[in-house]
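1. have a look; sequence and predicted model below, questions after that.
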Amino acid sequence: MTLFDGLFYSGPMRAVFSDECRLQRMLDFEAALASAQAAVGIIPATAANSIAAECRVAILDIPALGEAAAHAGNLAIPLVKQLSQAVSNNSPEAARYVHWGATSQDVIDTGLVLQMRAAFGLLEDQLSKLCTDLAVLAERHAATLMPGRTWLQHAVPITFGWKAAGWLDAMLRHQTRLREVRGRALTLQFGGAAGTLAFLGIDAWTVSQKLAQYLGLAQPDISWHASRDRIGEVAAVLGLIVASLCKIARDVSLLMQTEVGEAFEGAGEGRGGSSTMPQKRNPVVCASILAAAVRVPGLVETMLSSMAQEHERGLGSWQAEWETLPEIFNLCAGALERATELIGGLEIDRDRMAANLELTKGLIYAEAVAAALAKRIGRPAAHEVVTRASQVAIARKRHLHDVLLEDPAFTKEIPAKELDLLFDPVRHLGNTNQSIGRVLARSAARNAHTHHSRIDLGGVRIHYQWSGAPDKPVLVLSNSLGADLTMWDEQVPPLSEHFRLLRYDVRGHGRSSSPPGPYSIELLSRDLLAMLDAHNVEAFCFCGLSMGGLIGQWLAIHTAPRVRRLVLSNTGAKIGSAEVWNARIGAALNDGMLSMVPLMLNRWFTASFRKSHPEVEPRTRGMLEAADPSGYAACCGAIRDADFRSDLQHIHLPCLVIAGTHDPATPPADGEFLVANIAGAQYVELDASHISNVEASEAFNRAVLDFLLIPTSPVRGTDCNG
């Protein structure tokens, strides 16, 4: 963290490329490698389990690791040494299998790829939001007239919507580029000493397949240790994005000039002021974007230069990537964040634009006048007549219209009424409207296939996703503490056949914003209600797990007519004690989310499930680490303060309670209490821990569908279709 982070970077992207996250992604590789080799029978399963159990950044002495890296030449060597020691403390036999058959570059490169996967998600979301805002701007100002400028001089009339559509057009292409480069870049690096995986013999390809599967990455046909085109392409695409953002910032900053005054950054307390000149309104957001655009090209050059690597492993050129590519990601995300702020708050002065159209006293229409005259007397002669009239208008500071009316050579061909029409800017916009329409249509088509969206609710940005046909009844899925909407991935295919699913990230989680606390369950519930209102959803079914179950209880108590059926999974009317939650809050704020991961993993899944499904752990770890510590802590406070034990009697709607037999966070007794106090509630207990929808997904899906789809009697209420 530096004093300039807020100027140039994005907080979420800084977290993705933090030292702790870099090391954890490398450990994720080591854990998955051991699991893959155990699955193939190369190392004992007990060894793989022992290794995976220690693949937590908390086991590392990071300062010592940094010092050792300076001597070793990379981070992997001291990391493997520390990991081996941690494994040896509990299982000396397992320690001999740490990093089995891999090389330092495998763990470093694949760790980087795993970081890039999270980074791509952030950039895609930022680009989508910026494109949405640019589309709104282009449509709103499609008819807002202004001077077009070439070489910083007035050229011909345009509209501001046309200028904004040009910005949007470039960003839509960048969305395509980012999606394409993501597909090529998210590729496993696993080659061993010289890329041939000779150490693993005939099992090499099978292990590589398993490893790629566990990490969710593409498997390459051949090691790419010294073939860095994937990484170079990523840098180049990010450089292009920043350069296009620079174009936007440059245009806006020029429009903000005192002599122009046609557009302005959004005003705000302390925004754009001067330390000596009280009247100043400086383009400070533009300055941040422009500064990034100055820095990024040199960094991209470094990445491209580093592609010339020697033989099978690079010397010095590979090392040059380690800090350079993360810096490009950080600057690109920061510039995108600033650009979204810029476009979202942009102020347009239509009157000043109209006045500036007349600034040259009609000279801006000279091309149109010459074109009309050329149809009568030919282009060379027409150009000569209009040039002469323009020179007179400039010398005498007169309007070109009046000068032309006094020129017999002109009036002989063009009558006064026709001349008046030639000075109407609307008649000289060419294919402006058609161009704007084409770009907006492409943007709309792109958005129609974009699953993820954001909505602003009183300054809080909530990230959400719809799945399923719009004509189906709505079912809301509400997450556990620490989770994002991807926790419901196993439910989407079966449930979306019958429902229009709404998944969302609670404030402080996933891709939603994290405003300062305190939070309450009522506040979190009202976030959801506001989002439903914005989408004109009156009635809905609800399924919430853990914290989501508390939200469901509040909704059922306070907004019963809107909630048609209620599923409360792995939750309680009162969850945990104040002492437990206060300790959790302190740990999150003082030690960060990395410190929370081991606790959460142990509570979320049984040991047997984690052993049989090794791919779940790295995915879950990434989700937990992505949560904002302050937002997570504020949600902990909301859970701590929630107590619906005396209010359950007010719930009068069909309700299903799901508990996990092995759930230490909300044990079956909590579910049984809900059933005993909610009239007519049904109960299902699954062979799972806390996140039962993942650990026992098939049974969970079957129980939820059976409950939601079976008609109820009129006494109990209506079904999801109303």
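-> Arrived safely.
2. could you pull out the strands for the stretch 451-600 of the chain?
-> Along the stretch 451-600 of the chain, counting by DSSP state E, counting those that start in this stretch, strands occupy 452-457, 460-467, 474-478, 500-504, 540-545, 563-569.
3. same question but for the chain, I mixed them up
-> In the chain, the strands defined using DSSP state E lie at 145-150, 153-159, 263-264, 347-348, 452-457, 460-467, 474-478, 500-504, 540-545, 563-569, 655-660, 682-686.
4. sheet partners, orientation included, of the fourth one?
-> Strands that pair with strand 347-348, judged by DSSP bridges, come out as strand 263-264 (antiparallel).
5. list the contacts of the strand it pairs with.
-> Outside strand 263-264, the residues that touch it by C-beta atoms under 8 Å, 6 or more residues apart in numbering are 160, 252, 255, 256, 281, 346, 347, 348, 349. Heads up, the C-betas are built off the backbone N, CA and C, glycines and all.
6. for the residue nearest to the third one when sequence neighbours are not counted, the count of nearby residues, please.
-> Leaving aside its chain neighbours, residue 255 sits nearest to residue 263 (4.0 Å; criterion: C-beta to C-beta, 6 or more residues apart in numbering). Counted with other C-beta atoms under 10 Å, the burial measure for residue 263 works out to 23 neighbours.
7. got it, and residue 664?
-> For residue 664, using other C-beta under 10 Å, the count is 12.
8. the one 10 residues further on now?
-> The burial metric for residue 674, expressed as a neighbour count using other C-beta under 10 Å, is 24.
9. which residues touch the closest residue to it other than its chain neighbours?
-> Once flanking residues are discounted, residue 674 sits nearest to residue 657: 4.8 Å by C-beta to C-beta, 6+ apart. For residue 657, the contact set (C-beta under 8 Å, 6+ apart) comprises 568, 569, 671, 674, 675, 678, 681, 682, 683, 684.
10. just name the closest of those to residue 234, please.
-> residue 569 (39.4 Å; C-beta to C-beta).
11. surely the closest one touches residue 665?
-> No: Residue 569 lies out of contact with residue 665 (C-beta atoms under 8 Å); the separation is 11.8 Å.
12. now the common contact residues for those two.
-> With C-beta under 8 Å, 6+ apart, residue 569 and residue 665 have common neighbours residue 546.
13. which one of these two is surrounded by more residues?
-> Counting neighbours by other C-beta under 10 Å for residue 569 and for residue 665 shows that residue 569 has the greater number, 31 against 21.
14. could I get the full set of helices for the stretch 301-450 of the chain?
-> Under the criterion DSSP state H, counting those that start in this stretch, the stretch 301-450 of the chain contains helices at 321-344, 350-357, 366-377, 379-396, 400-405, 408-411, 416-422, 432-448.
15. rebuild those as a markdown table, extending it with distance to residue 135, mean pLDDT and mean neighbour count.
-> Shown next, in a markdown table, are these (distance: least, C-beta to C-beta, whole Å; pLDDT from 0 to 100; neighbours: other C-beta atoms under 10 Å):
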| stretch | distance to residue 135 | mean pLDDT | mean neighbour count |
| --- | --- | --- | --- |
| helix 321-344 | 10 | 94 | 23 |
| helix 350-357 | 19 | 93 | 16 |
| helix 366-377 | 29 | 89 | 18 |
| helix 379-396 | 38 | 90 | 16 |
| helix 400-405 | 36 | 90 | 20 |
| helix 408-411 | 43 | 84 | 14 |
| helix 416-422 | 32 | 86 | 13 |
| helix 432-448 | 5 | 80 | 15 |
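16. compare those helices and give me the one nearest residue 149.
-> Across the helices of the stretch 301-450 of the chain, closest to residue 149 is helix 350-357 (C-beta to C-beta), at 9.9 Å.
17. contact partners of the closest one?
-> Against helix 350-357 from outside (C-beta under 8 Å, 6+ apart): 144, 145, 146, 147, 154, 157, 160, 260, 261, 262, 364, 425.
18. tell me the angle of it relative to strand 153-159?
-> Per axes from the mean of the first three to the mean of the last three C-alpha atoms, to 10 degrees, the angle that helix 350-357 makes with strand 153-159 is 130 degrees.
19. so how far is helix 350-357 from its chain's centroid?
-> Remark: helix 350-357 is offset 37 Å from the chain centroid, using C-alpha atoms, centre = their mean, to the nearest Å.
20. tilt between it and strand 145-150?
-> Using the same axes, to 10 degrees: helix 350-357 against strand 145-150 is 50 degrees.
21. restricting to C-alpha, output helix 350-357 in PDB.
-> Taking C-alpha atoms only, helix 350-357 is exported to PDB below (Å, rounded to 0.1, in the frame of the first residue of the first chain):
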ATOM      1  CA  ARG A 350     -25.000  21.700 -24.500                       C
ATOM      2  CA  ASP A 351     -25.300  25.500 -24.700                       C
ATOM      3  CA  ARG A 352     -21.500  26.000 -24.800                       C
ATOM      4  CA  MET A 353     -21.300  23.300 -27.600                       C
ATOM      5  CA  ALA A 354     -23.900  25.200 -29.600                       C
ATOM      6  CA  ALA A 355     -22.200  28.500 -29.000                       C
ATOM      7  CA  ASN A 356     -18.800  27.100 -30.100                       C
ATOM      8  CA  LEU A 357     -20.400  25.900 -33.300                       C
END
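22. beta-bridge partners for the residue nearest to residue 674, please?
-> On the basis of DSSP bridges, residue 657 is bridged to residue 568, residue 683.
23. quick one on the thing from earlier: which of the strands of the chain sits closest to residue 308?
-> Of all the strands of the chain, strand 452-457 comes closest under C-beta to C-beta, at 38.3 Å.
24. how many other residues sit next to the closest residue to residue 125 other than its chain neighbours?
-> Closest residue in space to residue 125, ignoring its immediate chain neighbours: residue 511 at 5.5 Å, by C-beta to C-beta, 6+ apart. The tally of other residues near residue 511 (other C-beta under 10 Å) stands at 21.
25. from what I see, residue 511 and residue 484 are in contact.
-> Yes: with contact defined as C-beta under 8 Å, residue 511 counts as touching residue 484 (7.2 Å).
26. quick check: which of the helices of the stretch 301-450 of the chain is nearest to residue 492?
-> Of all those, helix 432-448 comes closest under C-beta to C-beta, at 18.5 Å.
27. taking strand 145-150 as reference, get the angle to the closest one.
-> Using the same axes, to 10 degrees: helix 432-448 against strand 145-150 is 90 degrees.
28. may I have helix 432-448 exported as PDB, CA atoms only?
-> What follows is helix 432-448, C-alpha atoms only, in PDB (Å, rounded to 0.1, in the frame of the first residue of the first chain):
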ATOM      1  CA  THR A 432     -23.800  10.200 -37.800                       C
ATOM      2  CA  ASN A 433     -27.100   8.700 -36.600                       C
ATOM      3  CA  GLN A 434     -26.600   5.500 -38.600                       C
ATOM      4  CA  SER A 435     -23.100   5.000 -37.100                       C
ATOM      5  CA  ILE A 436     -24.300   5.600 -33.600                       C
ATOM      6  CA  GLY A 437     -27.200   3.200 -34.100                       C
ATOM      7  CA  ARG A 438     -24.800   0.500 -35.400                       C
ATOM      8  CA  VAL A 439     -22.500   0.800 -32.400                       C
ATOM      9  CA  LEU A 440     -25.400   0.800 -29.900                       C
ATOM     10  CA  ALA A 441     -26.900  -2.200 -31.600                       C
ATOM     11  CA  ARG A 442     -23.600  -4.100 -31.300                       C
ATOM     12  CA  SER A 443     -23.300  -3.000 -27.700                       C
ATOM     13  CA  ALA A 444     -26.900  -4.200 -26.900                       C
ATOM     14  CA  ALA A 445     -26.300  -7.500 -28.600                       C
ATOM     15  CA  ARG A 446     -23.100  -7.900 -26.500                       C
ATOM     16  CA  ASN A 447     -24.900  -7.100 -23.300                       C
ATOM     17  CA  ALA A 448     -27.700  -9.500 -24.200                       C
END
